[in-house]
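Chemist: what's the 3D shape of this:
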Amino acid sequence: MSTADIVIKNGTIVTSETSYKADVAIQSEKIVALGENLSGTREIDATGKLVTPGAIDVHVHLEMPIGDFVSADSFFTGTRAAAIGGTTAIVDFVETQPDETMLTALAVRQKKAAKSVIDYGFHMTICPTDINKLDQLPAVYQAGCASFKLYMAYGLRLDDGQILQALEAVRNVGGMPVVHAENWEVITSMIARNLDAGRIEPRWHPRSRPSIMEGEAAGRVINIATLVGTPLYIFHVSCAEVVNRIAAACQDGLPIYGETCPQYLFLTDTAYDEADVEGALPVCSPPLRTPADQVHLWEALAQNSLQVVSTDHCPFTRAEKATGLEDYSRIPGGVPSIEMRFPAMYTFGVQSGYFSVNRWVDICCTTPARLFGFQRKGHIAVGYDADVVIFDPNCEVELSTDSLHEDVDWTPYDGLVMTGWPAMTLSRGELIVEDGCFVGQPGRGRFVTRRLT
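Modeler: You can find the predicted model right below:
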């Protein structure tokens with residue numbers, strides 16, 4: 001072949017299926033050749049390093065309004081941190097106003113995302129006021145939103161009959177429904193009971209959202225999806241009860257998928273026992289669970305009972321978290337994880353022996369791309385987007401607010417040491433992170449029109 005724009009030489013290519021030594025040639029945003037002794041206008045030496053697809057985070061909340069607050073990371077700061085951590089595509093969310101069409105809401109959100117430094121897509125949320133808009137789903141799918149968010153909690157909660165209608169509508173357009181599965185009626189009853197008794201501290205947060213009821217909600221929505229005949233993807237699985245329901249559905253041959261997140265793999269519910277704002281910082285929903293649940297989640301990833309690791313990245317500042325210290329139910333929920341996810345899964349998944357380097361790529365890159373319609377991402381192969389990470393398996397990084405780049409004044413992973421970190425990140429053939437430093441430009445990310453068929 002003729003000289004390529006960029007050739008990554010001497011590295012070990014890691015895909016979800018195999019690992020091998022080869023050069024990667026990049027031209028006009030695409031991977032154009034894999035082989036030996038390839039030549040490029042710029043040649044990058046990856047000796048001793050792993051060459052992986054860019055990671056894909058299918059669950060993030062950037063510039064997201066929640067109550068009186070907006071999540072701390074903008075589309076610029078959040079995607080910059082993602083890129084430094086080896087993530088080259090994200091999926092965020094669209095929520096409509098009651099008198100707004102879904103396509104109008106999508107356009108508004110796309111305009112806000114114009115600062116992104118990596119590629120992005122959106123899940124379209126279906127809330128109670130959208131049930132009378134389900135005839136808009138074909139146009140939304142054609143516009144590139146291939147996935148649809150359903151809540152079983154908060155003010156966005158759908159009742160079971162509405163879930164049935166929404167799942168039918170998503171099935172009819174060939175989309176992927178994603179769901180926040182919790183039993184909201186039980187949660188609100190337990191919160192009221194605790195507050196009436198003066199139990200206001202963050203440690204009552206997990207006690208109001210018991211794992212058995214998360215499992216119940218997951219089982220219920222799996223049953224409705226089975227009745228409808230649609231795939232289903234369950235967000236932020238925190239506990240064994242949900243894993244067991246997903247695993248049973250998979251054993252029955254049902255297209256049911258689940259993800260977990262770093263907070264459930266690295267933190268436990270004892271974090272809520274810390275004094276003052278420290279106990280409020282890790283409040284997220286579903287809540288952190290027990291050490292036994294944590295082990296169960298790692299094993300589920302190894303056994304493919306869970307298929308993806310995303311982040312549910314939704315950070316708030318220490319001051320914002322502190323506003324709920326007199327009523328734990330008012331603490332804005334969410335933690336920052338968008339930068340550390342990919343290297344953390346290598347350090348504590350691969351190096352700790354839970355799964356192989358290929359499984360690492362599968363759960364962070366390839367399966368997210370496949371399930372959510374990134375048809376030219378998540379894999380190292382000719383014709384795919386040149387979203388590539390050159391990963392140094394020996395680079396040590398201690399996580400802290402000084403080493404991370406999220407726009408928030410705390411991290412739940414302070415002091416955690418990564419052995420393995422991206423040295424370079426390329427997005428569509430453009431080098432945007434070099435030696436751990438962001439060298440790209442805001443606004444270079446593109447909205448990806450996703451399709452599931």
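
Chemist: wait, isn't residue 292 in contact with residue 243?
Modeler: No. Residue 292 lies out of contact with residue 243 (Cβ atoms under 8 Å); the separation is 11.7 Å. (Each C-beta comes from the backbone N, C-alpha and C, glycine too.)

Chemist: Tell me which of the two has more neighbours.
Modeler: residue 243 (25 against 11; other Cβ atoms under 10 Å).

Chemist: Check which helix or strand the more buried one maps to.
Modeler: Assessed by DSSP states H and E, residue 243 sits inside helix 240-251.

Chemist: Give me the buried stretch members for that helix, please.
Modeler: By neighbour count on 16 or more other Cβ atoms under 10 Å, the buried set for helix 240-251 is 240, 241, 242, 243, 244, 245, 246, 247, 249, 250.

Chemist: Now that helix: average pLDDT?
Modeler: The average of the pLDDT scores along helix 240-251 is 97.

Chemist: just how off-centre is that helix within its chain?
Modeler: 20 Å (Cα atoms, centre = their mean, to the nearest Å).

Chemist: and the next element down the chain from that helix?
Modeler: Next element after helix 240-251 (DSSP H and E): strand 256-260.

Chemist: partners of that following strand in the sheet?
Modeler: Paired neighbours of strand 256-260 in the sheet (DSSP bridges): strand 232-234 (parallel), strand 308-309 (parallel).

Chemist: Would you mind identifying the next helix or strand past the last one?
Modeler: The one in question is strand 308-309. helix 318-322.

Chemist: quick one: the helix or strand immediately after that following helix in the chain to chain centroid distance?
Modeler: Sequence-wise, the next helix or strand beyond helix 318-322 is helix 341-345, with elements assigned using DSSP H and E. From the chain centre to the centre of helix 341-345 is a distance of 12 Å (Cα atoms, centre = their mean).

Chemist: same question, stretch 3-10
Modeler: 30 Å.

Chemist: Same check on stretch 335-345?
Modeler: With Cα atoms, centre = their mean, you get 9 Å for stretch 335-345.

Chemist: Packing partners of the host helix or strand of residue 25?
Modeler: Assigned by DSSP H and E, residue 25 belongs to strand 23-27. Applying 3 or more Cβ pairs under 8 Å, 6 or more residues apart in numbering; DSSP states H and E, one finds that strand 23-27 makes contact with strand 4-9, strand 30-35.

Chemist: returning to that earlier point: of the strands paired with strand 256-260, which is nearest residue 260?
Modeler: Closest to residue 260 of the strands paired with strand 256-260 is strand 308-309 (Cβ to Cβ; 6.2 Å).

Chemist: Can you pull out the residues in contact with that closest one?
Modeler: 58, 257-262, 265, 301, 341, 345, 363-364, 367-368, 371 (Cβ atoms under 8 Å, 6 or more residues apart in numbering).

Chemist: what about residue 13, is that helix, strand or coil?
Modeler: Secondary structure assignment for residue 13 (DSSP: H, G, I helix; E, B strand; the rest coil): strand.

Chemist: what about the nearest residue to it once chain neighbours are set aside, helix or strand, and which?
Modeler: Spatial nearest neighbour of residue 13, chain neighbours left out: residue 51 (4.8 Å); criterion: Cβ to Cβ, 6 or more residues apart in numbering. Assigned by DSSP H and E, residue 51 falls within strand 50-53.

Chemist: after that strand, next one along is what?
Modeler: strand 55-57.

Chemist: pLDDT of whatever helix or strand comes next after that next one, averaged?
Modeler: Past strand 55-57, further along toward the C-terminus, the next helix or strand under DSSP H and E is strand 65-66. Average pLDDT, strand 65-66: 88.

Chemist: Show me what strand 65-66 pairs with in its sheet, parallel or antiparallel.
Modeler: strand 69-70 (antiparallel).

Chemist: Would you mind measuring the gap between the ends of stretch 28-47?
Modeler: 24 Å (Cα to Cα, to the nearest Å).

Chemist: Which positions within it qualify as buried?
Modeler: So, applying 16+ other Cβ under 10 Å, buried residues of stretch 28-47: 29, 30, 31, 32, 33, 34, 38, 40, 43, 44, 46.

Chemist: cool, and stretch 207-224?
Modeler: For stretch 207-224, a neighbour-count test (16+ other Cβ under 10 Å) marks 208-211, 213-222, 224 as buried.

Chemist: Give me the nearest residue to residue 344, chain neighbours excluded.
Modeler: Spatial nearest neighbour of residue 344, excluding adjacent residues (Cβ to Cβ, 6+ apart): residue 262 at 5.8 Å.

Chemist: can you pull the contacts of the one you found?
Modeler: 309, 311, 337, 340, 341, 344, 413.

Chemist: do the same with residue 431
Modeler: 6, 424, 425, 439, 440.

Chemist: can you confirm it is in a helix?
Modeler: No. Counting by three-state DSSP, one finds residue 431 to be strand, located in no helix.

Chemist: what's the pLDDT at it?
Modeler: pLDDT, residue 431: 98.

Chemist: same deal with residue 436?
Modeler: 89.

Chemist: hang on, it packs against residue 405?
Modeler: No. Counting by Cβ under 8 Å, residue 436 sits too far from residue 405 to count as a contact (9.6 Å).

Chemist: anything in contact with each of these two?
Modeler: Joint contacts of residue 436 and residue 405 (Cβ under 8 Å, 6+ apart) are residue 84.

Chemist: Check the strands paired with strand 256-260 for me and report the most buried one.
Modeler: Comparing the strands paired with strand 256-260 by mean neighbour count (mean count of other Cβ atoms under 10 Å), strand 308-309 ranks first with a mean of 28.

Chemist: That'll do, ta.
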